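> below are the sequence and a predicted model for it; my questions follow.
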Amino acid sequence: MDQLAVGICGLGTVGAGVFNLLEKNAEEIARKTGARIRIAQVGCRRDNPHCDLTNIAVSRDIYALVNNPEIDVIIELIGGTDDALTLVKQAIANKKHVVTANKALIALHGAELFQLADEAGVSLKYEAAIAGGIPVVKAIREGLAGNKVEFLAGIINGTTNFILTEMETAGDRSFADVLKEAQDLGYAEADPTFDIEGVDAAHKLTLLASMAFGMALNFGAVYLEGISKITVQDIKYAEEIGFKIKHLGIARQTAKGVELRVHPTLIEKSAMLAQVNGVMNAVMVISDAAGETMYYGAGAGAGPTASSVVADVVDILRAAGDAQIENAGFVLGAIQDLPVTNISAIESAYYLRLNALDKPGVMAQISTILSQHNISIETLIQKDLHKGEVPIIIVTDCVLEQAINAAIEELEALHEVVGKLMRIRVATF
């Protein structure tokens, strides 16, 4: 194959990034592949002023691209899961390869789409769907192909990482204040729910776990917990005892099943993931032969995301449109419906913060309740603020979540404990 014709569906921020990268680096790509990638057609609702479409066929009907016999690869960048699903299914039916940055599409409909692509003998590639410009899909699927992946953890949403970083560095800014700044800067949507409540990260974790463990895509089984309840005080107390708070996606394969969870997590300040700040992303993978590896970079934006999209197109070009590269990292027949461990059955250490009345015997009551649930205290700090209430910070040893939940229920029932406890899981790598 000396030329690959692509059709770009969607010319927003990422679509424009892909268009301009293919135009700008055409010679460089040709030097690396021995062939050219030609933009045969663009489908978009309106032209993007940042793209020179002078010599490009443009259609307002995106379905015109999947029916164009000249096009070899459809690049789906329209987003959403309705039109995008129809578009991708029709492209596959027409035996066109598909490259997408649509994490929700793959997380929710990937099993069906992979099967259709396999039957049609085409590739469905999605590097850009997980961590922007970080080539983590290729790292796991190709670089670690000889390994058994045991564990992965990632900062895979730039909005939540930006908010937590700003709250940490400023020291006196509330969650709501920093969220507004993130929206003003374009890092967070007007409705930020998908980001701050962990849905976006859960879509990405679903894809990562499927690639890492050869398990069926199971977005509905991911445990979700957002960052809206994290306070500046929690960040300061965590810092005092040697930790940072990060919003992590975690997947771990154990004898009980696969853990799939997205939640705020205390990690030691010396950990590599603790150094990932602002809108940057990182994924740490632990495998049996390679050990601990980490992949770091920009998790969003026109340039980084376009980089991953174009890399997928180059993979298809290098395969010369013949031998199909496995879409999901495992042969489809080998993908298993692995059991997902309920969050109540995971084992973790925990950070607890509670406010107690400044009275004798309170600590004894707290210690007794924890002891009755076989929960050992690793760290305990009691702050004297001379306000009649005393903040108490406890870090426990590793214990079943159902045990910590039962203990929290009893602690909150104490007359001497004021309000609700803050509970954050603690991870060590």
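Yep, that arrived. Numbers count the residues shown, from 1 in each chain.
> how much space is there between residue 260 and residue 201?
According to C-beta to C-beta, to the nearest Å, residue 260 stands 11 Å off from residue 201. Every C-beta, even on glycine, is put in place using the N, C-alpha and C of the backbone.
> my bad, residue 114
For residue 114, the distance to residue 201 - C-beta to C-beta - is 22 Å.
> quick one, what contacts the nearest residue to residue 149 once chain neighbours are set aside?
By the measure of C-beta to C-beta, 6 or more residues apart in numbering, the closest residue to residue 149 outside its immediate chain neighbours is residue 212, 4.0 Å from it. Listed by C-beta atoms under 8 Å, 6 or more residues apart in numbering, the contact set of residue 212 reads 140, 149, 152, 251, 285, 329.
> switch the cut-off to 6 Å
By C-beta atoms under 6 Å, 6 or more residues apart in numbering, the contact list for residue 212 reads 140, 149, 152.
> for the closest residue to residue 290 other than its chain neighbours, what are its contacts?
Among residues not flanking residue 290 along the chain, residue 147 sits closest, at 5.5 Å (C-beta to C-beta, 6+ apart). Applying C-beta under 6 Å, 6+ apart to residue 147 gives the contacts 287-290.
> buried only: go through those for me.
When these are checked for burial by 16 or more other C-beta atoms under 10 Å, the buried set is residue 287.
> let's have the contacts of residue 147 in JSON lines, adding distance to residue 47 and pLDDT.
Shown next, in JSON lines, are these (distance: C-beta to C-beta, whole Å; pLDDT from 0 to 100):
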{"residue": "287", "distance to residue 47": "46", "pLDDT": "97"}
{"residue": "288", "distance to residue 47": "51", "pLDDT": "96"}
{"residue": "289", "distance to residue 47": "50", "pLDDT": "97"}
{"residue": "290", "distance to residue 47": "46", "pLDDT": "97"}
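> now the contacts of residue 147 in a markdown table, please, with extra columns for distance to residue 276 and secondary structure.
As requested, the contacts of residue 147 are exported to a markdown table (distance: C-beta to C-beta, whole Å; DSSP: H, G, I helix; E, B strand; the rest coil):
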| residue | distance to residue 276 | secondary structure |
| --- | --- | --- |
| 287 | 20 | strand |
| 288 | 25 | coil |
| 289 | 25 | coil |
| 290 | 20 | coil |
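> determine which two of the contacts of residue 147 are furthest apart.
288 and 290 (7.9 Å; C-beta to C-beta).
> show the backbone phi and psi for residue 237.
phi -60, psi -40 (degrees, to the nearest 10).
> now for it, how many residues are close by?
Residues contacting residue 237 under the criterion other C-beta atoms under 10 Å number 21.
> how about residue 353?
Residue 353, neighbours per other C-beta under 10 Å, totals 20.
> do the same with residue 161
26.
> please begin residue numbering at 42 from this point
Taking 42 as the first residue, the last one we looked at is residue 202.
> ok, and the closest non-adjacent residue to it?
Per C-beta to C-beta, 6+ apart, closest to residue 202 is residue 196, 5.1 Å.
> that neighbour contacts residue 325, correct?
No - with contact defined as C-beta atoms under 6 Å, residue 196 does not reach residue 325; the gap is 9.1 Å.
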